[in-house]
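Enquirer: Model the following, please.
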Amino acid sequence: MPELPEVETTRRGIAPHIEHQRVTRLDVRQPMLRWPVPAQLAQWIEGDVVQQVERRAKYLLLRFGRGQLILHLGMSGSLRILPQGTAPGKHDHVDFVLASGQLLRLTDPRRFGAVLWQENGTEHSLLAHLGPEPLSEDFTAEYLQTACKGRRTAIKALIMNAQVVVGVGNIYANEALYRAGIDPRRAAGRISAERLATLVDTIKSVLAAAIEQGGTTLRDFVGGDGKPGYFSQVLDVYGRGGQPCHGCGEPLTEIRLGQRSTVYCRRCQR
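Expert: Sure, this is the predicted structure:
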């Protein structure tokens, strides 16, 4: 599934092409995505201008005059900028046709993505209870210490909880915990303030590095320019179960934690 760096990479890729552009037509070829595409969406956005492209967690927000279009890429979705008249493929479900002569196309083979709407002055239920952005000034060592206090939850599960902090998906949780030297199974409330401060720093650095390198290459992910991400080339633990630890050389351990693949070093992480 595309995680925060992949979504941010997509945002940066499409924003220069669609910001301040008028949507002349909306073509919905398949309205049944994870949730139905709103039937009135065309009348809400046709003729209006995309003022700004923002990101909240793993959602893209296209800001219009009366509200925000919410896009989620689901398991396998992608967004491309294409010339008008480009013939759609089997999994090309939604086109936003622009006055510039280009179009923004949502491709989603598994149809787990979403195209939703939020009126100005309201907050969609999917966005209402999200935690702070991990790269923002709101995500601090003090904040994480408070979130962990008294919690028996495994630290990996806690930092992947979007109500605690958004966008720290499985790949980046594995990587950040390795670089912080923290066992992913350790109870969140039993980690010292100093080590939690280190974890905040590693979460920020891992995500920032992934964004700069275009996200992580997964089977289905491509950025807004159609190119895959490259961060997987420098992953320390994710996908490397049984291989030597980059720090000590011992084989990495792979387990299931919270139904997700978790890879860590028994020697370097405690």
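
Enquirer: show me what contacts the residue lying closest to P109 once chain neighbours are set aside?
Expert: Leaving out its chain neighbours, the residue that sits closest to P109 by C-beta to C-beta, 6 or more residues apart in numbering is H91, at 4.4 Å. (Each C-beta comes from the backbone N, C-alpha and C, glycine too.) Taking C-beta atoms under 8 Å, 6 or more residues apart in numbering as the criterion, H91 is in contact with 107-109.

Enquirer: now E137, what's its secondary structure?
Expert: The three-state label given to E137 by DSSP: H, G, I helix; E, B strand; the rest coil is coil.

Enquirer: buried sites along stretch 148-159?
Expert: Applying a neighbour-count criterion of 16 or more other C-beta atoms under 10 Å, the buried positions in stretch 148-159 are 148, 151, 153-159.

Enquirer: do the same with stretch 75-92
Expert: Judged by neighbour count (16+ other C-beta under 10 Å), stretch 75-92 contains these buried residues: 75-82, 88, 91-92.

Enquirer: Ends of it, what's the gap?
Expert: In terms of C-alpha to C-alpha, to the nearest Å, the two terminal residues of stretch 75-92 are separated by 15 Å.

Enquirer: One more: stretch 39-56?
Expert: Across stretch 39-56, the terminal residues are separated by 24 Å (C-alpha to C-alpha).

Enquirer: list the buried ones in that stretch?
Expert: Using 16+ other C-beta under 10 Å as the burial criterion, the residues of stretch 39-56 that qualify are 41, 44-45, 49-50, 53, 55-56.

Enquirer: out of these, which are inside helices?
Expert: Of the buried residues of stretch 39-56, the ones assigned to helices by DSSP state H are 41, 44-45.

Enquirer: In JSON lines: the buried residues of stretch 148-159, plus distance to L69 and secondary structure.
Expert: As requested, the buried residues of stretch 148-159 are exported to JSON lines (distance: C-beta to C-beta, whole Å; DSSP: H, G, I helix; E, B strand; the rest coil):
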{"residue": "C148", "distance to L69": "35", "secondary structure": "helix"}
{"residue": "R151", "distance to L69": "36", "secondary structure": "coil"}
{"residue": "T153", "distance to L69": "34", "secondary structure": "coil"}
{"residue": "A154", "distance to L69": "36", "secondary structure": "strand"}
{"residue": "I155", "distance to L69": "35", "secondary structure": "helix"}
{"residue": "K156", "distance to L69": "33", "secondary structure": "helix"}
{"residue": "A157", "distance to L69": "32", "secondary structure": "helix"}
{"residue": "L158", "distance to L69": "31", "secondary structure": "helix"}
{"residue": "I159", "distance to L69": "29", "secondary structure": "helix"}
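
Enquirer: Just give me the closest of the residues you listed to D183.
Expert: Top of the list for closeness to D183, among the buried residues of stretch 148-159 and by C-beta to C-beta, is I155 at 7.9 Å.

Enquirer: biggest helix in this protein, by residue count?
Expert: Among the elements of the chain assigned as helix by DSSP H, the one spanning the most residues is helix 193-212.

Enquirer: Just list what that helix packs against, helices and strands only.
Expert: Contacts of helix 193-212 with other secondary structure elements, assessed using 3 or more C-beta pairs under 8 Å, 6 or more residues apart in numbering; DSSP states H and E, are made with helix 4-18, helix 141-148, helix 155-159, helix 170-180.

Enquirer: Next, the angle from it to helix 4-18.
Expert: Counting by axes from the mean of the first three to the mean of the last three C-alpha atoms, to 10 degrees, helix 193-212 points 40 degrees away from the direction of helix 4-18.
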